[in-house]
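A.B. asks: Next input, structure requested:
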Amino acid sequence: MGAGETRRAFLMAMGGAAAMAVSARARGGSATGGAMPMRPLGRTGVDVSLMGIGGFHLGLPSEKDAIRIVQEAIDRGATFLDNCWDYNHGESQRRMGKALRGGYRERAFVMTKLDGRTADSAARQLDDSLRALGIGHVDLLQIHEVIRPSDPERVFGRGGAIEAYERAREQGKTRFIGFTGHKSPDIHLAMLQTAKQHGFRFDAVQMPLNVMDAHMGAQSFEKQVLPILLREGIGVLGMKPMGSGGIPKSGVVSAASCLRYAMSLPVSVTITGVDSADILHQGLHAALRFEAMSDREKEGVLAQTAAAAHSGRYEQYKTTTRFDGTTSHPRWLDSAELGG
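C.D. replies: The predicted structure follows:
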């Protein structure tokens, strides 16, 4: 497995989780909490911050506020920055690029995602992304929205996107390669299996991990995909800890509990959308004061959310096309143009 046997199989899947809070390096202490917990990114040998900043939401406030959010997050120890070629038609990347000036790039782990399913479209989207970000390389490059049963074969087929990703790594445009998706654990599993058949191993995988997903059995990323990533030493990127803000609106669980539950899983990072200073401070508070949930606490939160979870109302990224950007804009799969 390597990398310290992937940090002893991610500290034996966090061995009750409490050990992880103090297992790795920490940085960015503040007057309102401790230092930022750092966790291993799978077998890469790199540690990333427990809290990650979601890129989409950076396009929602003013540019000035978005820049301030990124820089304050980094100043307080949040190294992991998420983004995507298509977020807000490239505006999220441009804003992040401005925030990374003045020495911030050297303190951040920058990830972006591409929609292109062909080698040509992915390569051109990557060049667009690097220009928008104003940097020479990203730390992690991911295949975005693997949400269709046809995606794995399309990505790994002749002339498929994976060719551009491997070339980008050879050229020094990225250090690591991963994929993301929010629709179905089955599609994630198919992507991992197809990669294995082609002799390829991903460095990271991104998926929704939250208190509602945990109830979904065969459609639970936590139950179906997370154990395989841990076994394979692949970095686990948890997203949608609050279901894009919807889960706390259920009235059965608080935002703080949502974040703490997600961070208590054996993830490398929990990525949360931030569009204001208040939301940033909410996430920082959860991370800087993090104490892993005990088994009993997890059971209590899951008992509170069980009835609400089964309606699917709070996981619309699974049950609707609302979050499927490439369904609304299918040309992004084959083109480097953001026009539609």
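
A.B. asks: count of neighbours near G116?
C.D. replies: Taking other Cβ atoms under 10 Å as the criterion, the count of residues near G116 is 26. To be clear about C-beta, it is placed using only N, CA and C from the backbone, and glycine gets the same treatment.

A.B. asks: ditto for Y261
C.D. replies: 24.

A.B. asks: ok but it is inside a strand, no?
C.D. replies: No. Looking at Y261 with DSSP: H, G, I helix; E, B strand; the rest coil, it is helix, so not inside a strand.

A.B. asks: Okay, it and G102: tell me how far apart.
C.D. replies: Shown here: Y261 relative to G102, a distance of 36 Å by Cβ to Cβ, to the nearest Å.

A.B. asks: Quick one: the helices in the chain, in order.
C.D. replies: 3-14, 63-75, 91-99, 119-133, 151-156, 161-170, 185-197, 221-224, 226-232, 255-264, 277-288, 295-309, 316-319, 325-328 (DSSP state H).

A.B. asks: Identify whichever of the ones you listed lies nearest to P40.
C.D. replies: Closest of the helices of the chain to P40 is helix 3-14, at 4.3 Å (criterion: Cβ to Cβ).

A.B. asks: any idea of the mean pLDDT for stretch 321-332?
C.D. replies: Stretch 321-332 shows a mean pLDDT of 92.

A.B. asks: Tell me the buried residues in it?
C.D. replies: Judged by neighbour count using 16 or more other Cβ atoms under 10 Å, the buried positions of stretch 321-332 are F323, G325, T326, H329, W332.

A.B. asks: Among those, which pair sits farthest apart?
C.D. replies: Taking Cβ to Cβ, no two of the buried residues of stretch 321-332 sit farther apart than F323 and W332, at 14.3 Å.

A.B. asks: pLDDT score for the residue positioned nearest the centre of the chain?
C.D. replies: Most central residue of the chain, judged by C-alpha distance to the mean C-alpha position with Cα atoms, centre = their mean, is L237 at 4.1 Å. pLDDT, L237: 98.

A.B. asks: Also A13?
C.D. replies: What the model reports as pLDDT for A13 is 56.

A.B. asks: ok, back up a step: any idea which of the helices of the chain gets closest to M51?
C.D. replies: Checking the helices of the chain against M51 by Cβ to Cβ gives helix 277-288 as the closest, at 3.8 Å.

A.B. asks: mind exporting that closest one as PDB, just the C-alpha atoms?
C.D. replies: Included here for helix 277-288 are C-alpha records, laid out as PDB according to Å, rounded to 0.1, in the frame of the first residue of the first chain:
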ATOM      1  CA  ALA A 277     -17.700  35.300   6.700                       C
ATOM      2  CA  ASP A 278     -20.300  33.800   9.100                       C
ATOM      3  CA  ILE A 279     -20.300  30.500   7.200                       C
ATOM      4  CA  LEU A 280     -16.500  30.500   7.100                       C
ATOM      5  CA  HIS A 281     -16.300  30.900  10.800                       C
ATOM      6  CA  GLN A 282     -18.900  28.200  11.300                       C
ATOM      7  CA  GLY A 283     -16.700  25.800   9.400                       C
ATOM      8  CA  LEU A 284     -13.500  26.900  11.100                       C
ATOM      9  CA  HIS A 285     -15.100  26.600  14.500                       C
ATOM     10  CA  ALA A 286     -16.000  23.000  13.700                       C
ATOM     11  CA  ALA A 287     -12.500  22.200  12.500                       C
ATOM     12  CA  LEU A 288     -10.400  24.100  15.000                       C
END
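
A.B. asks: Run through the residues that contact K64.
C.D. replies: If a contact means Cβ atoms under 8 Å, 6 or more residues apart in numbering, then K64 has no contacts.
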